[in-house]
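Undergrad: Whatever this is, show me its structure:
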Amino acid sequence: MSTHTTAAGGVQVCSLKRDTPQTIPANSPYTVIRFPFGSAESSDAFAMHQVNQPDGYVITNWDSDPRSGLIWPSVTGWGTLYAMIQWEAGTYDELRDQFVRDPLGLTPNPNDTTATEHRPPSPGMQCWTKSWGIFVNPSVPLAVRATHDDSVARKIVLAEFKLVIHESA
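TA: Okay, the predicted model is just below:
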């Protein structure tokens, strides 16, 4: 028997969107994609993406604080993660992205990566989507991160990150 509550339709959703550029340094480690709060985000009816983080930390500047890229699942369940990343044109040999549990080392088991992809570029702007399923827990935040191998810093010009939690037995 389940001990948690779900939405009327049986799922809980957090949907984030960033439509201002985020610079990713040249040949950098993976960087958490950051997202705005409040009316600037798509949907957070279940309080999974908040300025006041569940561990007491308060984000003062979403655009510079990597914690603004965290989704804290509202319940335990089967999570389906979605991401959309659009990069500016560049001289890439490879673009990389991944989903990660606890990318900032806030729990005993940080940096548990999944759905890592390394992609060759296409002509022009680089536009990618991905989805992946994992078990989620309210005590372990999730993020999408990205990097590239260009010799200069490049911008992600548009990004979305979504979590849909389904009740699991």
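
Undergrad: and the helix or strand of the chain with the lowest mean pLDDT, which strands flank it?
TA: None of the helices or strands of the chain scores lower by mean pLDDT, DSSP states H and E than strand 112-119, at a mean of 92. Using DSSP bridges, the strands paired with strand 112-119 in its sheet are strand 95-101 (antiparallel).

Undergrad: Would you mind finding the longest strand in the chain?
TA: Identified as the longest strand of the chain according to DSSP state E is strand 154-166.

Undergrad: before we move on, the earlier item: can you list the buried residues in the least confident helix or strand of the chain?
TA: Ala115 (16 or more other Cβ atoms under 10 Å). In this view, the C-beta of every residue, glycine as well, is placed from N, C-alpha and C.

Undergrad: Which SSE is immediately downstream of that strand?
TA: Later in the chain than strand 112-119, the nearest helix or strand by DSSP states H and E is strand 126-136.

Undergrad: Show the subsequent helix or strand relative to that next one.
TA: Next along the chain after strand 126-136, taking DSSP H and E as the criterion, comes strand 142-148.

Undergrad: contact partners of stretch 54-72?
TA: 14, 16, 20, 22, 31-37, 48-53, 103-104, 106, 138-139, 141-145, 161, 163 (Cβ atoms under 8 Å, 6 or more residues apart in numbering).

Undergrad: Pull out the buried members of those residues.
TA: The buried subset of the contacts of stretch 54-72 (16+ other Cβ under 10 Å) comprises 14, 16, 22, 31-36, 48-50, 53, 103-104, 106, 141-145, 161, 163.

Undergrad: got the buried residues for stretch 94-105?
TA: So, applying 16+ other Cβ under 10 Å, buried residues of stretch 94-105: 95, 97-104.

Undergrad: What's the end-to-end length of it?
TA: 26 Å (Cα to Cα, to the nearest Å).

Undergrad: In TSV: the buried residues of stretch 94-105, plus pLDDT and distance to Pro66.
TA: Listed next are the buried residues of stretch 94-105 as TSV, based on pLDDT from 0 to 100; distance: Cβ to Cβ, whole Å:
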residue	pLDDT	distance to Pro66
Leu95	94	20
Asp97	96	15
Gln98	97	15
Phe99	97	15
Val100	97	11
Arg101	96	15
Asp102	96	12
Pro103	96	8
Leu104	96	6
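
Undergrad: among those, which two are most distant?
TA: Farthest-apart pair in those is Leu95 and Asp102; separation 23.4 Å (Cβ to Cβ).
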